[in-house]
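Engineer: need a 3D model of the sequence below.
(chains A and B)
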Amino acid sequence: MRLASWNVNSLRVRLPHLLDWLREAKPDVACLQETKTEDPNFPASELRDAGYHAVYCGQRAYNGVAIVSRTPAADVAHGIPDFPDDPKRCIAGTLDGVRIVCLYAPNGEAPGTDKYAYKLRWYEALARWMNEGLPRTPKLALLGDMNVAPEDRDVHDPKRWAGKIHVSEPERAALKKVTDAGLVDAFRLFPQPEKSFSWWDYRLRAFERGWGLRIDLALVSPALAKHCTACTIDLGPRKRERPSDHAPVILDLDI
DNA sequence: ATGGCTTCATAGTGAAGA
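Structural biologist: Residues are numbered from 1 along each chain as shown, chains lettered A, B, ... in the order given. Have a look, this model is predicted:
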């Protein structure tokens, strides 16, 4: 079973890339973020023609998440429980006995701003959910744009980024509260190239220079971690013309 | 030292992303 996560940065703009990538990478389940597409405009028929079902929850201009899958998702749920949240940042479904949670964490703008406070509140709610719900969901995978680089090795220039958004200590602590529920960063279950990143700024030719962050994560429960066989970042789509600023993360399971 | 691009909403530029 192959799971994936990709912040496409506009499904409308990136649909040709997505369809090509689905053909090439052949994920069984792909969690998408920043679809920026209202539900009536979701390209369900194009995806159906490509052999995929989809569940989704989007809005105009910002946010929006979707789970695209070979078989239909069961028990679809929206949002984080007990966290009223207008932006469309969370959708969950069960595929082949694996509970999949597709997440688009708030950006947070900069420490000290209202958006930063909201990001920390969002993370608190996610941590509460995971700490309360994990024992009832043995095979659980959180995939998404978490907008936090967990460690300095996930940052191209930790000195330059110290204290900045995506890297600040409160954000890392907030993410750790989620993983402390018993989730592991699947990417780090395997040897990885140094300087492995999943996002590069459009400006500065950051991708060509390797100036990235690893902020797109696959977090798995212990029962699922045992079944992980590989976790990689697919740089192919980021090299194309007019790419998303994020690259897909691919997680392979032996189930 | 800053900001550099892309997308969307809109019809000029401004907001937001990260």
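
Engineer: near DNA strand B, which residues of chain A? Just list them.
Structural biologist: Contact residues (C-beta under 7 Å from any atom of the strand) of chain A with DNA strand B: A:7, A:9-10, A:12-13, A:34, A:36, A:60-62, A:106-107, A:109-110, A:115, A:145, A:147, A:165-166, A:199, A:201-204, A:213, A:215, A:242, A:245. Quick note: C-beta positions are derived from backbone N, CA and C, even for glycine.

Engineer: tell me which of these fall in strands.
Structural biologist: A:7, A:145, A:199, A:213 (DSSP state E).

Engineer: show me the contact partners of stretch A:158-173.
Structural biologist: Outside stretch A:158-173, the residues within contact range by C-beta atoms under 8 Å, 6 or more residues apart in numbering are A:107-111, A:116, A:119-120, A:123, A:147-152, A:155, A:213, A:215.

Engineer: buried ones in that stretch?
Structural biologist: A:161, A:165-168, A:170-172 (16 or more other C-beta atoms under 10 Å).

Engineer: rewinding a little: same list, the ones in strands among the residues of chain A next to DNA strand B, but as CSV with neighbour count and pLDDT please.
Structural biologist: Below are those laid out as CSV (neighbours: other C-beta atoms under 10 Å; pLDDT from 0 to 100):
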residue, neighbour count, pLDDT
A:7, 25, 98
A:145, 27, 98
A:199, 23, 98
A:213, 23, 97
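
Engineer: tell me which of these is nearest to residue A:226?
Structural biologist: residue A:145 (25.7 Å; C-beta to C-beta).

Engineer: wait, that closest one sits on residue A:35?
Structural biologist: No - if you go by C-beta atoms under 8 Å, residue A:145 and residue A:35 don't touch, sitting 11.6 Å apart.

Engineer: show me how far stretch A:125-144 is from its chain's centre.
Structural biologist: Distance of stretch A:125-144 from the chain centroid (C-alpha atoms, centre = their mean, to the nearest Å) equals 15 Å.

Engineer: now that stretch: buried residues?
Structural biologist: A:125-130, A:134, A:137, A:139-144.

Engineer: restricted to helices, list those residues.
Structural biologist: A:125-130 (DSSP state H).

Engineer: low pLDDT regions in chain A?
Structural biologist: Low-confidence segments of chain A (pLDDT under 70): none present.

Engineer: centre of it to the edge, which residue is at the far end?
Structural biologist: Centroid-distance maximum for chain A: residue A:159 at 25.2 Å, with C-alpha atoms, centre = their mean.

Engineer: that one belongs to a helix?
Structural biologist: Yes - secondary structure of residue A:159 (DSSP: H, G, I helix; E, B strand; the rest coil): part of a helix.

Engineer: now the ones in strands among the residues of chain A next to DNA strand B in CSV, with distance to residue A:233?
Structural biologist: Output for these, formatted as CSV (distance: C-beta to C-beta, whole Å):
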residue, distance to residue A:233
A:7, 12
A:145, 13
A:199, 10
A:213, 12
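
Engineer: tell me the one of these nearest DNA strand B?
Structural biologist: residue A:199 (4.2 Å; C-beta to the nearest atom of the strand).

Engineer: surely the closest one is in contact with residue A:245?
Structural biologist: Yes - using C-beta under 8 Å, residue A:199 makes contact with residue A:245 at a distance of 5.9 Å.

Engineer: joint contacts of the two?
Structural biologist: What both residue A:199 and residue A:245 touch, as defined by C-beta under 8 Å, 6+ apart, is the set residue A:7.

Engineer: ok, how many other residues are close to the closest residue to residue A:138 other than its chain neighbours?
Structural biologist: Among residues not flanking residue A:138 along the chain, residue A:223 sits closest, at 4.2 Å (C-beta to C-beta, 6 or more residues apart in numbering). Residue A:223 has 13 neighbouring residues, counting by other C-beta atoms under 10 Å.
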